[in-house]
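Structure, please.
(one chain, ligands or ions: 1)
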Amino acid sequence: MFDLEKGMVLLNSGYGMPILGIGCFRLSQSQAEDSVYWALRDGYRLIDTARIYGNEEGVGRGIQRAIDEGICTREEIFVTTKMWTDDFGDGDEAIDASLSRLNLEYIDLMILHHSQPSNDVEVYQAMERAVEAGKLKSVGLSNYYEPEDFDRLVDAATIMPALLQNETHPYHQSTVMKEHIAQYGTVMESWFPLGGRGNTQVLFDDETISSIATEHGKTSAQVILRWHTQMGFVVIPGSKNVNHIKENLDTLDFQLTDTEMAEIAGLDKNIRYYHRTDEQLAQFAGWRPDFEKK
Ligand SMILES: NC(=O)c1ccc[n+]([C@@H]2O[C@H](COP(=O)([O-])OP(=O)(O)OC[C@H]3O[C@@H](n4cnc5c(N)ncnc54)[C@H](OP(=O)(O)O)[C@@H]3O)[C@@H](O)[C@H]2O)c1
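Alright, predicted model coming up:
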């Protein structure tokens, strides 16, 4: 299913998905346009955005630029967007609005951005109808951290979620959910793969990661991204830096050894940066509050 050599995973929906893409969280419209364009030019074929990032139009423009220049065709790329919880009341309208902002005829993967037990089942069913209508190719979930919560949705679903996108990195390895969703053929995708904007240096400076990087002549970022794909996670590092975008793609050509994978497995602290408390993060050497770094 997960083909490291081809850089593709076959989803339970029957569609192929690239295992490494560009993430667009916290990018402005114009930054998203440039990052998407640079990424496609360099060879990326997977793009991740969301309604709540406020940059779907920019993403659409970046895609169109690449298509106009003959860099890729629409069929060769895989576009993911997410429906924000405020929109769950009218899923049909939210899907049409994302299609219009992205300026696309169909979306390869639409994800419910967060668990919301009050109405996520109904809106998941709206996404299933949109698959029938040809507006969406695959459907997925994000931010479901308990097996019971995931199953609540799966029990009501006709189309199994193709993918679960959760915060995942060497300090939060998502082991329980990864194993749980495998029974449905659902693939795990990592957000905050490098720890997220403002936190990356902690992972980059981690002694285990940086010494493995030295060993391979790679950067810490590259080692972490390779760890994700070797773990069987689809990974979407966010960047607005043309050099980082290039560097991050250059991670499919080397292999971490079993020993190195085991060493990184040993780093799991089950810590999520998104809901971090200062007390949790202060345990880690190298961490300082954001305001001190300025
Ligand atoms: N489902 C959800 O709730 C959710 C939540 C958050 C994010 N996401 C998705 O996941 C994607 C990834 O998460 P993220 O962007 O928040 O965090 P991330 O990928 O963990 O980290 C992004 C940070 O890493 C830096 N970076 C990227 N490549 C680098 C490299 N090679 N060397 C040094 N620094 C590098 C970026 O800076 P530069 O811009 O300078 O490169 C940025 O500061 C998002 O973009 C979004 O698409 C989903």
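
Residue 158 should be in a strand, yeah?
No: counting by DSSP: H, G, I helix; E, B strand; the rest coil, residue 158 falls outside a strand, being coil.

What segments of the stretch 51-200 of the chain are strands?
Listed in chain order, the strands of the stretch 51-200 of the chain (DSSP state E, counting those that start in this stretch) span 78-83, 107-112, 136-142, 163-167, 187-191.

Could you dump those strands into a markdown table with distance to residue 95 and mean neighbour count added?
C-beta coordinates here come from the backbone N, C-alpha and C atoms, glycine included. A markdown table is the format used below for the strands of the stretch 51-200 of the chain (distance: least, Cβ to Cβ, whole Å; neighbours: other Cβ atoms under 10 Å):
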| stretch | distance to residue 95 | mean neighbour count |
| --- | --- | --- |
| strand 78-83 | 7 | 26 |
| strand 107-112 | 7 | 25 |
| strand 136-142 | 7 | 23 |
| strand 163-167 | 17 | 23 |
| strand 187-191 | 20 | 25 |
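
As CSV, these with mean pLDDT and distance to residue 33 would be great.
Converted to CSV, these look like this (pLDDT from 0 to 100; distance: least, Cβ to Cβ, whole Å):
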stretch, mean pLDDT, distance to residue 33
strand 78-83, 98, 14
strand 107-112, 98, 18
strand 136-142, 98, 23
strand 163-167, 98, 22
strand 187-191, 98, 21
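
would you list these in JSON lines and tack on distance to the ligand?
What follows is the strands of the stretch 51-200 of the chain, written out as JSON lines (distance: least, Cβ to the nearest ligand atom, whole Å):
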{"stretch": "strand 78-83", "distance to the ligand": "6"}
{"stretch": "strand 107-112", "distance to the ligand": "7"}
{"stretch": "strand 136-142", "distance to the ligand": "4"}
{"stretch": "strand 163-167", "distance to the ligand": "5"}
{"stretch": "strand 187-191", "distance to the ligand": "3"}
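
got those as CSV, with distance to residue 125 columns?
What follows is the strands of the stretch 51-200 of the chain, written out as CSV (distance: least, Cβ to Cβ, whole Å):
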stretch, distance to residue 125
strand 78-83, 13
strand 107-112, 11
strand 136-142, 10
strand 163-167, 18
strand 187-191, 22
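
Of those strands, which is nearest residue 2?
Residue 2 lies closest to strand 187-191 among the strands of the stretch 51-200 of the chain, at 7.5 Å (Cβ to Cβ).

For residue 227, find the nearest of the strands of the stretch 51-200 of the chain.
In terms of Cβ to Cβ, the element of the strands of the stretch 51-200 of the chain nearest to residue 227 is strand 187-191, at 9.7 Å.

show me where pLDDT drops low in the chain?
In the predicted model of the chain, residues 275-294 satisfy pLDDT under 70.
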